[in-house]
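Colleague: Give me the fold of what follows.
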Amino acid sequence: QVQLVESGGGLVQAGGSLRLSCTASGRTFGSGAVGWFRQAPGKAREFVATISWSGGMPNYAGSVKGRATISRDNAKNTVYLQMNSLKPEDTAVYYCAQGKASSLSAWAYDYWGQGTQVTVSS
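Modeller: So this is what the prediction gives:
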């Protein structure tokens, strides 16, 4: 079993930056991929970014490409999502998830954190 805890969310003005963290405990990430998803009120959960166990093959949603960077430190069992040039439409609860392989689909991930709120004011 893997437990994931997100942190780093908060209130930020448009144009600002945040770095979200996802730390694993229990069996940790092992050799799995990690993805970030987000869900805004009244909307479906959507893919944001994913990274493989080796740190290669990062993949981003078009809505954040060029503004987001996903990285991981396996020694710390932590995956990061750096978000720059934040926009009000980035406001959502951000979740990290762990799965066997990188995927844009939430169904591919087995373990999920509880989420961290990101609010971007205009």
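
Colleague: From residue 47, how far off is residue 23?
Modeller: 21 Å (C-beta to C-beta, to the nearest Å). Any C-beta I mention is one placed from the backbone N, CA and C, and that applies to glycine too.

Colleague: next one: residue 81
Modeller: The value you get for residue 81 to residue 47, if C-beta to C-beta is used, is 12 Å.

Colleague: Quick one: residues contacting the residue nearest to residue 10 when sequence neighbours are not counted.
Modeller: For residue 10, ignoring the flanking residues on the chain, the nearest one in space by C-beta to C-beta, 6 or more residues apart in numbering is residue 18 at 6.6 Å. Going by C-beta atoms under 8 Å, 6 or more residues apart in numbering, residue 18 touches 8, 9, 10, 12, 82, 83, 86, 118.

Colleague: Over to residue 67?
Modeller: Residue 67 neighbours (C-beta under 8 Å, 6+ apart): 83, 84, 85, 86.

Colleague: Nearest residue to the last one in space, please, no chain neighbours.
Modeller: In this structure, residue 86 finds its nearest non-sequential neighbour in residue 120, 4.6 Å apart by C-beta to C-beta, 6+ apart.
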